[in-house]
Every structure is written in structure tokens, then in C-alpha cells.
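>>> curious how this folds, go ahead:
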Amino acid sequence: MSISVSNLSKVYDTQIAVNNISFSIAKGEIVGFLGPNGAGKSTTMKMITGYLGADSGSISVAGETVSPDSLAAKKKIGYLPEANPLYHDMYVREYLEFISSIHELKNSKQAIEQVIVATGLTVEANKKIGQLSKGYKQRVGLAAAIIHDPEVLILDEPTAGLDPNQLAEIRALIQQLGKNKTILFSSHILQEVQAICDRVIIIDKGNLVANDTLSNLQKTTNGITVVTVSFKEKVDLQLLQVLVNEQKAEKITPTSEQSSDSQGTSFQLTTQQPDHLKTQLLELSLKNKLNIVSLQSETNSLENIFRNLTSYTHTK
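Okay, here's the model as predicted:
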């Protein structure tokens, strides 16, 4: 495995930031690392890169044991931290020359030009970093992370501040890099994670709550499916609330399929058993002589999975 984390923990005074988590990532995998703010994502990434020591547990990267003093492991890692610290008074090329000298690259000029092209920095390469937009500063940070061609990339919010066009370009770059590298990728943009990643790891309050492919997580019994039903007639919400028990049922604006003067009503219901709920709705319509105009379910999205597994839903 390119990344192996075993029983990793970190405590700040009395607060447990990371609580005995374990996972592994193989070469060629792009894995999304998700969690609410304060869940322990950045702390875990800093420990994997060796920027922060662990209180207990072990980490290996590309066969090298990771610690704050392990240069052998750090040479195999490219890291883009969330804060993306840069020297704003340096020109883009000057900064990349500085980074390449730290890595003691023999072909530094070629490496610099390659990452400038790869990260879309060509038109801004002769500017000072301080003159760049947030999106281009993010590109400079990504260029610095990959300039030494590392085996493993740790990317903490790499698409932050990018416009839709830039975001698509960086997404394509990450997918290209993931063909022969291991990438651990953190983002609050769940659509990006869903588009880029092969697998997701979710932590909440320092605890590992999910580690699986999206397709498997969508099938889990803890997953929430949204069923939308529209009736031709006016229906009382309480009649539907009984069907979903502790889950949510709410009235929504009538669909476009219903006429503007119709007395019909539409509802969204959340359930862990969509097929059973649909059967119940059909039985309810027959029993009460109701006409169902439409009945459809939304495939469990990453956003639904995230909300269901983290404290977002538990604290509402």
C-alpha cells in the first residue's frame, strides 16, 4: 500500500482530534477524505506528511515509516496544505525554482516548465505571487506539490477559490495524476469528490465513520433515499408522515406536471427502504382513492451519505 495508517491518534490537551483511525490507500487510487469542520481531517493529513507527530499509531508512505524527522518518506510526498503558504513577494518561476532547489532536482528548468503548463500557470508565470487571484495562487501551491514528481499526493482543499472553468481543469489534472500516483484529496465540494474519487473516507469528531466506494455506501442500510410523490388531490401531510415514522416528510411546491389550478399536492419523504415506501404509497392511494401523478426516488447522493454519517444530522 502507498499509504498505510494504523491506529492513529492525536490529542490536544483534553480534546481528541483523531481517535484511533486506520485505513490504507493503494497506488493509483484517488480517495476523498471528508468530514465536517473540526473533524480531524487536516490534523490527519499533517501527520501523514510528517508535519505533525502522532501521539500513537503508525503511518507508512511508499514503504517508508513517517515521522517528523523521516526525510525519506517526505521525499515521496507532495503536499498542498489548506492554508497554502506562499512567498507573495516572489515571482511564480522564482518560487518554483526555490522549491526545486529544496528537492535538489537535477532537471529543475524542465520540471518547472512542465508544472507551469500542467497547472495552467503559463499566462501568469511572470507575475509576483502576491498579484495573483486566489485561484491562481492555489495553482502555484499545486505546482509546488507536484514539481518533484512524488509517488503520493496529499491535497487539502485543492479546488478552494477556483472558478468553474479552473475547477474543471484542476479536476482533470488530479485525475491524470491519479493514474500513476496515490492521492488523498480533501474537499468541502462534495460534487467534486464524487466526480474525482474512487473511494471516500469520512471522519466525524476524530472517528472513522466510513471507508468504502461510493456505490457501496449508497447501498448501505444507513443511507437515506429521497422519494418524491405528487398527488392529483389535496393530501394531508400527516397521512404520509405515518409511513416514514422517524424519517422526514415535507410538502413541496406542486410539480410542473400539475395544472396551475389543481388542488394536488407534492411531498418529499426520506427513507431507508425506498422500495417498501413506494409500495406503501401505492396501497395508500388505492385505499383512499387518490391519484398519484408521479412517483420517483433520488439515488442516494454523497451529500445525503455525508449528512447521515456525520454530526450534521445528529445535532439537528
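
>>> identify each buried residue in the host helix or strand of residue 306, please.
Using DSSP states H and E, residue 306 maps to helix 302-309. Judged by neighbour count using 16 or more other Cβ atoms under 10 Å, the buried positions of helix 302-309 are 302, 304-309. Yep, even glycine has a C-beta here, placed from its N, CA and C like the rest.

>>> what's the answer for stretch 67-77, then?
So, applying 16+ other Cβ under 10 Å, buried residues of stretch 67-77: 70, 73-74, 76-77.

>>> quick check: of the buried residues of helix 302-309, which lies closest to residue 27?
residue 302 (24.0 Å; Cβ to Cβ).

>>> I figured residue 18 was touching residue 47, is that so?
Yes. The criterion here is Cβ atoms under 8 Å, and residue 18 meets it with residue 47 at 7.3 Å.

>>> between these two, what contacts are shared?
Common neighbours of residue 18 and residue 47, using Cβ atoms under 8 Å, 6 or more residues apart in numbering, are 8, 10, 54.

>>> you'd agree residue 271 is up against residue 229?
No. Assessed by Cβ under 8 Å, residue 271 is found out of contact with residue 229, at 11.3 Å.

>>> so for stretch 38-49, what gets flagged as buried?
Of all the residues in stretch 38-49, those buried under the rule 16+ other Cβ under 10 Å are 39-49.

>>> need the worst-confidence member of the buried residues of stretch 67-77.
Ranked by pLDDT, the buried residues of stretch 67-77 bottom out at residue 70, which scores 86.

>>> pull the contacting residues for residue 115.
Applying Cβ under 8 Å, 6+ apart, the residues contacting residue 115 are 96, 121, 143, 146-147.

>>> now do it against residue 156, distance only.
Separation of residue 115 from residue 156 (Cβ to Cβ, to the nearest Å): 19 Å.

>>> repeat for residue 242
Counting by Cβ to Cβ, the separation of residue 242 from residue 156 is 45 Å.

>>> mind checking which of the two has more residues around it?
Neighbour tally, residue 242 and residue 156, criterion other Cβ atoms under 10 Å: the higher count belongs to residue 156, 23 against 10.

>>> got phi/psi on that one?
With angles defined as degrees, to the nearest 10, residue 156 sits at phi -100, psi 100.
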